[in-house]
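Chemist: Below are the sequence and a predicted model; questions follow.
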Amino acid sequence: MKVTVIGQGYVGLVTSAGAAAWGHEVVGVERQEDRLRALLSGHVPFHEPSLGELVDLHLGDGRLRFTADSQGPVSASSLTFVAVGTVNADQEWETNTIRACLAEVVPHIPDDGAVVVRSTCPPDFIGQLPAYVDGLRRDAGREPIAVMLNPEFTKEGTAVQDFLTPDRVVIGVASDPKEHGVALLREFYAQVEAPVLVLSAMDAILAKLGANLFLATKISFANELAALCDLYGSQIERVIEGMAHDPRIGGSFLRAGIGFGGSCLPHQVTMTVREAAARGHETPLFAAVDDINLRQRLTFVDRIDALVDGVAGRRVALLGLTFKPHTDDLRAAPSLDIASMLIDRGASVVAFDPMETARRNAKAQVRRLIVVSSALEAVTDADVIALVTEWPEFVTLPWAQIASVVRQRIVIDGRNALDPDALLEAGFVYSSFGRGHRIPAELGVPAAPARAPEGTRMGIPIGAEFAVGDF
Ligand code: UGA
């Protein structure tokens, strides 16, 4: 079928390329000149594994093309997906762009076609959507069309695979006067084996937001549980393992650390709390999820401070800048806050990330951040190494070799991703979230962190015997 996708960002471009892979004839509309130029020359303007190959393939076989002009493609398409941004630079909802975009495309959609909102939007906007689109059609002297929602559940880093083999497809019906909108979307997803759920538009958007709120809640829950593990000298992974066999609980998305970043989870939690409050409704659980998440960054900085007995004048190596591995995305990345806080406390922060664009953008966003072009350069002469993003290449670093280039052998693992035994063997003090603070036996008891609970050192009861592997 003929499909137009408006907006070729993370969501739109994956939709375009994935739809072409299913055999649809796809036009991707992009207004940003740089991005369009990149796409026309077959270059994906951000890092997303296997997306470049898919785009190349279907530019080649003619199933996918890109343009700045929406009118022609939209008037020939059964489905027009809208995947433009809905969040501003301050991480607040911003619906002017999507309104303007709808105003441009809706008058040209064929009477038997449908407009499909793929962007994540605030519930209030979804409530207004059918009347808004109807008004645009009426003003253009045209018949009403189907107004549909089709929220995406793809993750950066695995977005192509998530799109092509989803665990569910959610279709939201905002208005479907001729009852063809659902049929068109079912045809679009004909090759998908997952359940297709047809919901009201408001149910669909709350299913989208609800999924992210729940994922965020799991992470903050894991982080609070990890703090208890540190308090009582327990191991978070073992604790989770002991819980996860209960099918009501499961073990996924419970990795403790510096908390969640990215363009979706942090913004959607914060905005849900704020928008509900604006309607006089409290959401104390989501507020706590947000709070715990931000607190993790501060805890990380406090621990670094304590581990080196004050970061002022110390050299801190930050390994990783992106909000998670396999992306070059820095939106709401914990690294940016962490680097800024450390620099404000007088540390010299030297960062490395495998993604060149992330390095460049982080340098532009964080004043006085030093960015280098290898992990080895970052850790050389470091007083403490802080793992921020669990890129595979950091997990397998040659710690014995690194031990000989650092000023102090201290590692703090913000993602619980490193092998504590390998670090201890190389002579490093190892600190983490919920895995205890492990020190090589020959070093004795380290200095207490700023926020160690009373009666403990580094979260470990005073008087406890320290030895490799004790914690
Ligand atoms: C998230 C959701 O996972 C997707 O399902 C959703 O489609 C997407 O938002 C969206 O709304 O578009 P994404 O932002 O790509 O996807 O990233 P996640 O994989 O969810 O990771 C978010 C953050 O949580 C990362 O910083 C990650 O490091 C952190 N995280 C994840 C943890 O701290 N612990 C975990 O156990 C898992």
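Modeler: Everything's here; your move.

Chemist: which residue packs closest to residue 256, ignoring adjacent ones?
Modeler: The spatially closest residue to residue 256, leaving aside those adjacent along the chain, is residue 226, at 3.5 Å (CB to CB, 6 or more residues apart in numbering). Where C-beta positions appear, they are placed from N, C-alpha and C, glycine not excepted.

Chemist: Which secondary structure state is assigned to the one you found?
Modeler: helix (DSSP: H, G, I helix; E, B strand; the rest coil).

Chemist: Look at it and report its pLDDT.
Modeler: Per-residue pLDDT puts residue 226 at 98.

Chemist: how about it, what does it touch?
Modeler: Going by CB atoms under 8 Å, 6 or more residues apart in numbering, residue 226 touches 236, 256, 416, 433, 434.

Chemist: Write out the residues of the stretch 1-150 of the chain neighbouring the ligand.
Modeler: Within reach of the ligand by CB under 6 Å from any ligand atom, the stretch 1-150 of the chain has these residues: residue 120.

Chemist: Going by proximity to the ligand, name the top residue of the stretch 1-150 of the chain.
Modeler: residue 120 (5.9 Å; CB to the nearest ligand atom).

Chemist: quick one: that residue from residue 284, how far?
Modeler: Note on residue 120: its distance to residue 284, by CB to CB, to the nearest Å, is 23 Å.

Chemist: And for residue 156?
Modeler: According to CB to CB, residue 156 stands 29 Å off from residue 284.

Chemist: Of these two, which one has the most company?
Modeler: Neighbour totals were compared for residue 156 and residue 284, and residue 156 leads with 24 against 8 (other CB atoms under 10 Å).

Chemist: Wait, residue 342 touches residue 310, no?
Modeler: No. Residue 342 is beyond contact range of residue 310, at 11.5 Å (criterion: CB atoms under 8 Å).

Chemist: the more surrounded of the two?
Modeler: More crowded of residue 342 and residue 310, by other CB under 10 Å: residue 342, with 25 against 14.

Chemist: Which secondary structure state does the more buried one sit in?
Modeler: Secondary structure assignment for residue 342 (three-state DSSP): helix.

Chemist: show me the contacts for it.
Modeler: Residue 342 neighbours (CB under 8 Å, 6+ apart): 301, 304, 311, 316, 349.

Chemist: okay, now the first one: neighbour count?
Modeler: The burial count assigned to residue 301 is 25, neighbours taken as other CB under 10 Å.

Chemist: May I have the helix or strand harbouring residue 421 as PDB, with CA atoms only?
Modeler: Element membership for residue 421 (DSSP states H and E) is helix 420-425. Coordinates of each C-alpha in helix 420-425 appear next as PDB, following Å, rounded to 0.1, in the frame of the first residue of the first chain:
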ATOM      1  CA  PRO A 420      34.000  -6.800  40.200                       C
ATOM      2  CA  ASP A 421      36.300  -9.800  40.500                       C
ATOM      3  CA  ALA A 422      38.300  -8.700  37.500                       C
ATOM      4  CA  LEU A 423      38.600  -5.200  39.000                       C
ATOM      5  CA  LEU A 424      39.600  -6.500  42.400                       C
ATOM      6  CA  GLU A 425      42.200  -8.700  40.800                       C
END
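
Chemist: on contacts alone, who are the packing partners of it?
Modeler: The elements that helix 420-425 packs onto, with contact taken as 3 or more CB pairs under 8 Å, 6 or more residues apart in numbering; DSSP states H and E, are helix 399-403, strand 429-431.

Chemist: let's go with 10 Å and repeat that
Modeler: Where contact means 3 or more CB pairs under 10 Å, 6 or more residues apart in numbering; DSSP states H and E, helix 420-425 is packed against helix 399-403, strand 410-413, strand 429-431.

Chemist: Contact partners for the residue nearest to residue 417 when sequence neighbours are not counted?
Modeler: Nearest residue to residue 417, sequence neighbours excluded (CB to CB, 6+ apart): residue 390, at 3.6 Å. Each residue near residue 390 by CB atoms under 10 Å, 6 or more residues apart in numbering is listed here: 255, 257, 319, 320, 324, 325, 413, 414, 415, 416, 417, 418.

Chemist: can you count the residues close to the second one?
Modeler: A count of nearby residues for residue 257, using other CB under 10 Å, gives 24.

Chemist: What is the helix or strand hosting residue 101 packed up against?
Modeler: Assigned by DSSP H and E, residue 101 falls within helix 96-105. With contacts taken as 3+ CB pairs under 10 Å, 6+ apart, helix 96-105 sits against strand 2-6, strand 25-29, helix 71-75, strand 79-82, strand 114-117, helix 123-139.
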